[in-house]
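Chemist: sharing a sequence plus its predicted fold:
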Amino acid sequence: MEIRLWRELLVPYELAVKELVMKFHQLKKEHKEKDLYCPIEEVSGRVKSINSILEKMQRKQISWDELEEKVEDIAGIRIICQFYEDIEVVAELIRRRRDMRVLEEKDYITHMKASGYRSYHMIIAYNTETLEGCREIRAEIQIRTLAMNFWATIEHSLQYKYRGNMPKHLAERLSNAADSILQLDAEMSSVRNEVMDAQNSMLHQSNLVADILNNIENLYHYSNKREVAKIQDEFYRIYETKDLEQLERFHRELDIIAEGYRAQALSQDMGNGSSI
Ligand code: 0O2
């Protein structure tokens, strides 16, 4: 039998997982920076264990030649959302990307698996660049809510324990739990707008505070220290009032002050004849 070089085989998959996780984190960051509600709560990724690949090949009668085409989840990304509605938003973000091509979508949300499993799967083609050149590989992106993930994690462990021979009473309990998850997601969806409002305003405040403190720190370097200390005291006074409108006004005023100082510093630099 030909020698299988597993480490070599898995290199592009490891790279793909790292890159994809980083790209979805970046998407989260961009939402945050733009004060936008992010449909992605958590992102994780893993390369399937060799044991799990072998088990799948055996179970599905996959030959060595078909391995990379038929085991589509060697590279696996999991995206967890807060709400059921966020799943489609994330799927659409993926469909619109130019750096991955969607090959297949499996909707186990509308069509729940017999086990009670619910999740949205997308199989994508993704290009990786290694020493050996460019390789297009497949990866599976699983998108599900926090509640669906809770159920799937517990059920996965039990499946592993019983290896396809889950006792009937346990399967029944899991099926009941899956119904509760369905209900829980529906309940949470009914308060989604309120939760989104609350999170947006929390995010907005957090960005405002970071911006203000950044401005104060910059001012400290090129203006009168005593005045900056006064501005800082004023910020903490307003911060304690928890009044977002006052904080926004202070942010706008500070921007104008900072701009004035910047212009002053620039004209002084030019007066001294310094160049960039
Ligand atoms: P891992 O890496 O341990 O998670 P399948 O026949 O279900 O194994 P198929 O048809 O290639 O696989 O694709 P499918 O159905 O989209 O399933 C791929 C992955 O979805 C599985 O990977 C699981 O992670 C998850 N999954 C599918 N069905 C279930 C289920 O009933 N319960 C749970 N908990 N997860 C499920 P693997 O192969 O299990 O590997």
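Modeler: On my side now, so go ahead. Here the structure is a predicted model, which means the values were calculated and not measured. Numbering: from 1, shown residues only.

Chemist: show me what from the stretch 101-250 of the chain comes close to the ligand.
Modeler: K106, K113, S115, Y117, H121, A152, E155, H156 (Cβ under 6 Å from any ligand atom). For glycine as for every other residue, the C-beta is placed from the backbone atoms N, C-alpha and C.

Chemist: which of these fall in strands?
Modeler: In strands, judged by DSSP state E, the following of those are found: K106, H121.

Chemist: and the biggest strand by length in the chain, what does it pack onto?
Modeler: Identified as the longest strand of the chain according to DSSP E is strand 133-145. Here strand 133-145 touches helix 6-33, helix 67-70, strand 75-81, helix 84-95, strand 120-130, going by 3 or more Cβ pairs under 8 Å, 6 or more residues apart in numbering; DSSP states H and E.

Chemist: make a markdown table out of these and add mean pLDDT and mean neighbour count.
Modeler: Output for the helices and strands packed on strand 133-145, formatted as a markdown table (pLDDT from 0 to 100; neighbours: other Cβ atoms under 10 Å):
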| stretch | mean pLDDT | mean neighbour count |
| --- | --- | --- |
| helix 6-33 | 95 | 16 |
| helix 67-70 | 93 | 14 |
| strand 75-81 | 98 | 23 |
| helix 84-95 | 97 | 17 |
| strand 120-130 | 96 | 18 |
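
Chemist: any buried residues in the lowest-mean-pLDDT helix or strand in the chain, and which?
Modeler: One helix or strand of the chain scores below all others by mean pLDDT, DSSP states H and E: helix 244-271, with a mean of 84. Neighbour counts over helix 244-271 (16 or more other Cβ atoms under 10 Å) mark L247, F250, H251, L254, A258, Y261 as buried.

Chemist: count the residues that sit near the closest residue to the last one other than its chain neighbours.
Modeler: Taking Cβ to Cβ, 6 or more residues apart in numbering, and ignoring the residues beside it in sequence, Y261 has S223 as its nearest neighbour in space, at 4.8 Å. For S223, the number of neighbouring residues by other Cβ atoms under 10 Å comes to 18.

Chemist: tell me the confidence at S223?
Modeler: Note on S223: pLDDT of 78.

Chemist: with Y162 instead?
Modeler: So, for Y162, pLDDT stands at 84.

Chemist: likewise for the one 10 residues further on?
Modeler: You'll see E172 listed with a pLDDT of 92.

Chemist: so the helix or strand hosting it versus helix 84-95, what angle?
Modeler: Element membership of E172, judged by DSSP states H and E, is helix 168-190. Counting by axes from the mean of the first three to the mean of the last three Cα atoms, to 10 degrees, helix 168-190 lies at 80 degrees to helix 84-95.
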